[in-house]
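# missing the sequence, but the structure's below:
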């Protein structure tokens with residue numbers, strides 16, 4: 001089934017943001033892991049913190065990385081926690097539980113930022129995803145283990161495959177293939193500008 005994510009301009013012009021083909025099935029296939037080697041080189045967080053404003057600009061609600069297991073030129077792996085219920089983030093959610101965990105997915109993209117800083121001394125942002133396949137009805141509520149394998153790298157970009165594993169059994173929960181990101185030193189300054197500008201407001205007080 002072809003799907004599109006669109007919006008409209010004030011003039012009513014359609015703007016296409018993303019499109020994909022979704023495979024509909026009555027039964028989910030069994031997932032078979034393809035990334036067997038997990039990076040084991042110890043990772044030393046910047047200033048001793050995973051969420052340091054010089055690298056990861058994310059606010060507390062998106063602090064999904066619990067522990068980086070290892071990081072090397074070949075990839076990066078970590079433990080990521082699950083997102084709170086949809087009602088915690090959305091006023092009128094369509095479902096009471098996530099099918100695909102948004103915090104886990106974003107944590108995988110965050111890991112690529114950490115990897116690009118370690119590899120090239122520069123930040124990165126996602127720009128493309130080739131294929132995503134999920135093998136369970138939903139993600140474990142406690143989170144998963146994320147394993148990233150770099151398939152191609154350049155000074156200004158990288159391509160990777162990502163697998164999301166049950167942190168207890170090691171069973172494959174989902175796989176994202178063909179992830180691409182842009183790597184640019186100027187992103188470091190952009191990441192540090194992670195706060196909305198303060199605007200003047202009405203101050204209330206006793207009369």
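On my side now, so go ahead. Everything numeric here is computed off the predicted structure, so don't read it as measured data.
# Break down the protein into its helices, ranges please.
86-89, 102-120, 187-192 (DSSP state H).
# so for the first one, what's the average pLDDT?
This predicted structure assigns helix 86-89 an average pLDDT of 96.
# before we move on, what about the second one?
Averaged across helix 102-120, pLDDT comes to 97.
# Show me what that helix is packed up against.
strand 65-72, strand 75-80, strand 123-128, strand 144-153, strand 157-166, strand 172-184 (3 or more Cβ pairs under 8 Å, 6 or more residues apart in numbering; DSSP states H and E). To be clear about C-beta, it is placed using only N, CA and C from the backbone, and glycine gets the same treatment.
# Buried deepest among these, which one?
Comparing those by mean neighbour count (mean count of other Cβ atoms under 10 Å), strand 75-80 ranks first with a mean of 24.
# Need the helices of the chain in JSON lines (columns: mean neighbour count).
Below are those laid out as JSON lines (neighbours: other Cβ atoms under 10 Å):
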{"stretch": "helix 86-89", "mean neighbour count": "12"}
{"stretch": "helix 102-120", "mean neighbour count": "22"}
{"stretch": "helix 187-192", "mean neighbour count": "14"}
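# Grab the most central residue of this structure for me.
What sits nearest the mean C-alpha location of the chain, by Cα atoms, centre = their mean, is residue 106, with 2.0 Å.
# ok, it - contacts?
If you count contacts by Cβ atoms under 8 Å, 6 or more residues apart in numbering, residue 106 has them with 58, 62, 64.
# distance between stretch 31-40 and the chain's centre?
Relative to its chain's centre, stretch 31-40 lies at 18 Å (Cα atoms, centre = their mean, to the nearest Å).
# just stretch 2-12 next, same as before
In terms of Cα atoms, centre = their mean, the centre of stretch 2-12 is found 24 Å from the chain centre.
# Just the mean pLDDT for it, thanks.
The average pLDDT within stretch 2-12 is 94.
# Near residue 101, how many other residues are there?
Residue 101: 24 surrounding residues under other Cβ atoms under 10 Å.
# That one reaches residue 83, doesn't it?
Yes. Using Cβ atoms under 8 Å, residue 101 is in contact with residue 83, at 5.3 Å.
# Give me the contacts around the helix or strand bottoming out on mean pLDDT in the chain.
Counting by mean pLDDT, DSSP states H and E, the chain has its least confident helix or strand at helix 187-192, which shows a mean of 74. The contact list for helix 187-192, computed with Cβ under 8 Å, 6+ apart, reads 53-57, 122-125.
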